[in-house]
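Participant: How does the following fold in three dimensions:
(4 chains)
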There are 2 protein chains.
Amino acid sequence: MNDQQPRAGRPGLAHPPGAKSSPTLEDLAAAAGVSRSTASRAINGGSRVSPEAQAAVDAAVVALAYTPNRAARSLVTRRTASIALVIPEPDMRVMMDPFFAMVITGVTESLRETDVQLVLLMSRSDDAARTVRYLRGGHVDGAIVVSHHQGDTWVGPLAESGLPIIFIGRPWQSRHGLTYVDTDNYGGGTQAAQHLLAAGSRRPATIAGPADMTAAVDRLRGWQDGLRDAGAAPSPVEFADFTTVGAAEATRRLLDAAPGTDAIFAASDLMAVGVLEVLRSRGLRVPDDVAVVGYDNHSIAALASPALSTITQPMVEMATKAGAMLLEEIEAPGTHPDPVVYPAELVVRSSSAPRAAATKA
Amino acid sequence: MNDQQPRAGRPGLAHPPGAKSSPTLEDLAAAAGVSRSTASRAINGGSRVSPEAQAAVDAAVVALAYTPNRAARSLVTRRTASIALVIPEPDMRVMMDPFFAMVITGVTESLRETDVQLVLLMSRSDDAARTVRYLRGGHVDGAIVVSHHQGDTWVGPLAESGLPIIFIGRPWQSRHGLTYVDTDNYGGGTQAAQHLLAAGSRRPATIAGPADMTAAVDRLRGWQDGLRDAGAAPSPVEFADFTTVGAAEATRRLLDAAPGTDAIFAASDLMAVGVLEVLRSRGLRVPDDVAVVGYDNHSIAALASPALSTITQPMVEMATKAGAMLLEEIEAPGTHPDPVVYPAELVVRSSSAPRAAATKA
DNA sequence: CCAGAGCGTGAGAGCGCTCCCATGACGATT
DNA sequence: AATCGTCATGGGAGCGCTCTCACGCTCTGG
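Facilitator: Purely as a prediction, here's the structure:
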C-alpha cells in the first residue's frame, strides 16, 4: 500500500526524467500487466504462456516499440546472435571478384528469417592473430571462412577451438573433420578437358590458378585427369594468380613454350580475359586458331568477344547453404555436417565453338 | 570459518568443474592480485593505476588469454563497439558492382586500429522497417548508408533518431543536416562534356543513370551545364539503370532518335560497355565515328576494347573518410561534421582520343 | 606539526535479460 | 472425497562488466 516509499533494491531516482532511454523488459511487463518472467517467455516464442498474457505482451511490444537489449540477452544466454564472415585476404584485387558479392548475398539470404547478424571480418595476414582472438573470444556464434590459402596456419587452432565454422571452398586441412561447401572443381576441370578435345583440340594447354588454393589445384587435377582418361597427352601448364594481368603474362610464356597450342583452359574468367587479350595481340583467332574456356561464369564472360565458354557454379546457392549449415551447427553443437559439393556445369559459348561451326560466331 | 556452508548469494556449485568457460575480470583480478575495479581500469587504458598494478594486470591478461566480455561491457556502457554498413538494395546486380567492394575495403580500413566491428545490413525494400528497428534498437553505435534512392522513406526518421549516420553519396533529404561523403559528380559530368567537345564532338549525347539517385542526377546536370557553358546545344539524353544490358537498350533508342551522334557520355563504365557493344554491332568505330566516356574507372574500363576513357573517383579513400567521420561523431555526439566532397578526375584512354590521333589506338 | 589536497584502491550497486524454482489454481486419477 | 500431477505465473539470482563513492595513504603548504 505504501508505494510511495522506495523499496530496497529499487533505485528511487535511477533514470533522470529527461533521458529517453528505450523501454526495458520491466517496462514492457508493467504495460502488459504481467511479470517480467512472463513477458520474457512471451517474447521468446513462449511456451507456458496463456493466450491472454501473450496477447497483452504482444500489444505492449507494439505500443512501446520494445526491442530486447541484445547485450543483456547475450550476457546470460552466451549467444551473440551474430556470425562472422571471414575474408582472409582483403586486397582490392580479390575483393573486386564478384565471388565475394555472391557469397555475401547468399549468406545474407540464409540469415533473412533469423535475427542473426553478419559481421564482416577482413583478416590481413599481418593480424591473423587478432582475428583468431576475436573469433575465439566468443564475440560471434560461428564463422564462415572463404578463400583461404595453404599458408593460413590459423585455421587449425581455430577449428579446434570448438567454434562452429563452415568453409566455403575445401580447406587444406581436411584432417580436422572440417565442414565445407564447395563445387566440383575437379569435375569442372575434367569437363573442360573433355569439351575442348571434343571440339577438336589436339594440343590443349591450361593456365592454372595459384597452387596454394584448393580450387585451383582441384581444377588442374581434373583437367589433367580428364586429358589422360581421354587418351590425350599431358598438357602444358602455366600458373597465374587469378588476375587478368597475371594470366596475360602466363599466356605469353605458354605460347612461347608451346607454339602449337590450339586450346586454352583458364581456371577463371578474369584470367580467360587475359588469355583472349594476348591471343588477339598475337593475331590468333578465337576459336578458329585457339579455343578458350574460362571458369566461374563471371558476368564478364558473356560480354567478352568472343563470348567466353566457361564452367558455372551456383555460388549464391552455395553460400546460402553454408549459412544454413552454420546455423544448424550452432543450434546443435557437436554435429559436424558432412561437406556439401555442388556440381559444376559447362556453358558453351563462341570462344570454344566446335571447328565446324566456328565462323558462325 | 565454516566455509563448507554455502553462503547466501554465493552459489556453491555454479560452474561445473568440466566446463571450460573463459576467464572473467574477476579471475583476471585474482591472478594479478588486485581488485576487479583496478583490473578494469588497467584494461581500459587505465588512468589512476599504479605501474605495478598495470604490469601485474598486463601479465595476467597474457597468462589467462583474457578477453573482455563484449556483452557485459556494452550492457553497462551502452556502446556496442560495432557500426552498420547499410546497403539498401542487395540485388546481385548492384552488389556485383565493385563499388561495394571498395566501400567495404575503405570502411574496414578506417576501423583497423579500433576494435569496432562492421555489421553488414542488407536491407531489402520489403523489410526496411526491420532495418530501421534494428538501427534504432541500439544494436550499433552508428551507421554508414550507401547508395540510397529517392524513394527510401526510412532515411528521414532514421536520421532523426539521433543515431550517428554518414551517407556515402549525397542523400536526397539534405534538409536534415545529414552528413555525407561524395565525389564531385557534377564536376565529373562537366569534365566529360568539356573533354568530348575538345576532342572534336559536334553532336554529343549521354546515357544517364536512374533519375532517383543523386549521383546520376548530378552527373547529368554537370554534363548539361558543361555543354551549355561551352556554347553547345542541349544533348539528347536516355536513361538506363547503371547496368550493361540496360545501357545497350538505351543506346539503341538514342542512336535511333539521334543518328548523327558522334560522342556518348555514359554515367558508368558498366553502361559504357553496353554502349560499346551496340556501337560495334552497328558498325560504328570508336573513337573515329563515336567517342565514348564512361564513369567510375572500373577495372573493366582499361580492359575494354578500345580502352575506355572514364571519370575516376577515390572510392576507397571516400569510404575510409566516411568511417573516420562516423567514429568521430560517435565519440563526440551532436557534432554534425560538414559534408566532404572529393574531386572527380578525367582519365583519357583510346575510346575518346582526339580525332587527329584516333587510329593510334 | 597538522589540515587539506591528491592519488591509488576496493567494495558495491546495477546495466537488462534469462532461467531456475517455488507457488497457487486447476483438473484428472485413485 | 482426498491426492497427485499439470500448468501459468512471479520472485530472485546472477551473467561479466563499468562506475561511483568512500577509504586510507602520501605529499605538500602554512
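Participant: Not including adjacent chain positions, what is the nearest residue to residue A:136?
Facilitator: residue A:161 (4.9 Å; Cβ to Cβ, 6 or more residues apart in numbering or on different chains). Where C-beta positions appear, they are placed from N, C-alpha and C, glycine not excepted.
Participant: Same question for residue A:324.
Facilitator: Nearest residue to residue A:324, sequence neighbours excluded (Cβ to Cβ, 6+ apart): residue A:110, at 4.8 Å.
Participant: What of residue A:48?
Facilitator: Leaving aside its chain neighbours, residue A:48 sits nearest to residue A:41 (6.2 Å; criterion: Cβ to Cβ, 6+ apart).
Participant: The one you found should be in a helix, yeah?
Facilitator: Yes: the assignment for residue A:41 is a helix, going by DSSP: H, G, I helix; E, B strand; the rest coil.
Participant: got a list of what it touches?
Facilitator: Neighbour list for residue A:41: A:47-49 [criterion: Cβ atoms under 8 Å, 6 or more residues apart in numbering or on different chains].
Participant: Need the pLDDT of it.
Facilitator: Predicted confidence (pLDDT) for residue A:41: 93.
Participant: any idea how far chain B is from it?
Facilitator: Counting by Cβ to the nearest Cβ, to the nearest Å, the gap from residue A:41 to chain B is 21 Å.
Participant: Next one: that residue from residue A:346, what distance?
Facilitator: According to Cβ to Cβ, to the nearest Å, residue A:41 stands 55 Å off from residue A:346.
Participant: how many other residues sit next to residue A:325?
Facilitator: Neighbour count of residue A:325, defined by other Cβ atoms under 10 Å in any protein chain shown: 23.
Participant: who's in contact with it?
Facilitator: Residue A:325 touches A:166, A:179, A:181, A:337, A:340, counting by Cβ under 8 Å, 6+ apart.
Participant: wait, what's in contact with the closest residue to residue A:260 other than its chain neighbours?
Facilitator: Excluding its sequence neighbours, the residue lying closest to residue A:260 (Cβ to Cβ, 6+ apart) is residue A:203, at 4.9 Å. By Cβ under 8 Å, 6+ apart, residue A:203 lies in contact with A:235, A:258, A:260-263.
Participant: Please pick the buried ones from these.
Facilitator: A:235, A:258, A:261-263 (16 or more other Cβ atoms under 10 Å in any protein chain shown).
Participant: Near DNA strand C, which residues of the stretch 201-350 of chain A are found?
Facilitator: Contact residues, the stretch 201-350 of chain A versus DNA strand C (Cβ under 7 Å from any atom of the strand): none.
Participant: Chain B contacts on the stretch 201-350 of chain A?
Facilitator: Residues of the stretch 201-350 of chain A lying close to chain B by Cβ under 8 Å from any Cβ of the partner chain are A:244, A:273, A:277, A:299-300, A:303, A:305, A:316.
Participant: Buried among these? Make that a PyMOL selection.
Facilitator: Here is the PyMOL selection string for the buried members of those, based on 16+ other Cβ under 10 Å:
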select buried, chain A and resi 244+273+277+299+300+303+316
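Participant: Now tabulate the residues of the stretch 201-350 of chain A next to chain B in CSV and tack on secondary structure.
Facilitator: Putting those into CSV (three-state DSSP) gives the following:
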residue, secondary structure
A:244, helix
A:273, helix
A:277, helix
A:299, helix
A:300, helix
A:303, helix
A:305, coil
A:316, helix
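Participant: can you list the residues of the stretch 201-350 of chain A next to chain B in TSV and add pLDDT?
Facilitator: Shown next, in TSV, are those (pLDDT from 0 to 100):
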residue	pLDDT
A:244	86
A:273	90
A:277	87
A:299	78
A:300	78
A:303	76
A:305	78
A:316	92
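Participant: ok, now which ones touch the closest residue to DNA strand C within the stretch 101-250 of chain A?
Facilitator: When scored by Cβ to the nearest atom of the strand, the stretch 101-250 of chain A has residue A:115 as its residue closest to DNA strand C, at 11.1 Å. By Cβ under 8 Å, 6+ apart, the residues touching residue A:115 are residue A:81.
Participant: Tell me the secondary structure of it, please.
Facilitator: Following three-state DSSP, residue A:115 is assigned to coil.
Participant: Below-threshold pLDDT in chain A: ranges please.
Facilitator: Within chain A, the ranges that satisfy pLDDT under 70 run A:1-21, A:46, A:90-96, A:175-176, A:355-361.
Participant: residues in contact with the residue nearest the centre of it?
Facilitator: Nearest residue to the geometric centre of chain A (Cα atoms, centre = their mean): residue A:103, 3.8 Å. Residues near residue A:103 by Cβ under 8 Å, 6+ apart: A:85, A:144, A:146, A:168, A:315, A:319.
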